[in-house]
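> coordinates for the following, if possible.
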Amino acid sequence: TTASTAIAAPTEASSAPIYIDTQHEDLVHDAQMDYYGAKLATCSSDRTIKVYNVSDSAYELSATLQGHEGPVWQVSWAHPKFGVVLASCSFDGSVLIHRES
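The predicted structure follows:
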């Protein structure tokens with residue numbers, strides 16, 4: 001007899017990761033999803049933050065935020081009761097609060 005390996009076919013609710021090409025020009029230091037899992041923020045040594053709208057298996061760049069003079073090290077979303085608010089910190093010693101307008 002011959003042994004065979006069964007491979008499950010992907011389902012609609014696949015657990016496969018979504019690959020996101022951030023288009024950052026340098027190292028990505030942090031990536032954070034918002035409370036609802038609908039927005040992704042990434043930050044980089046290129047001194048920018050990029051925000052993406054994310055759905056089942058697709059993503060779309062919605063904003064590129066600037067303002068830091070050094071590499072952006074970390075980002076963090078506030079709880080939604082405070083609105084759409086993202087904090088970022090940089091090696092330049094600054095912390096910026098970004099609010100959706």
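> buried residues, stretch 36-53. List them.
Within stretch 36-53, the residues scored as buried using 16 or more other Cβ atoms under 10 Å are 39-52. C-betas here are computed from N, CA, C, even on glycine.
> for residue 49, what are phi and psi?
Per-residue torsions, residue 49: phi -120, psi 130 (degrees, to the nearest 10).
> ok, now residue 80?
phi -60, psi -20.
> how many neighbouring residues does it have?
11 (other Cβ atoms under 10 Å).
> residue contacts, it?
34-36 (Cβ atoms under 8 Å, 6 or more residues apart in numbering).
> same thing but at 6 Å, please
The contact partners of residue 80, by Cβ atoms under 6 Å, 6 or more residues apart in numbering, come to residue 35.
> where does it land on pLDDT?
Residue 80 is assigned a pLDDT of 96 by the prediction.
> equivalent analysis for residue 87, please.
At residue 87, pLDDT is 98.
> Three-state assignment for it, please.
Classification of residue 87 by DSSP: H, G, I helix; E, B strand; the rest coil places it in strand.
> among the buried residues of stretch 36-53, which one sits closest to residue 30?
residue 43 (5.1 Å; Cβ to Cβ).
> list the contacts of the closest residue to the closest one other than its chain neighbours.
Of all residues not flanking residue 43 in the chain, residue 72 sits nearest, at 3.7 Å (Cβ to Cβ, 6 or more residues apart in numbering). Neighbouring residues of residue 72 by Cβ under 6 Å, 6+ apart: 43, 49, 88, 90.
> most widely separated two among those residues?
Checking these with Cβ to Cβ, the most distant pair is 49 and 90, at 9.8 Å.
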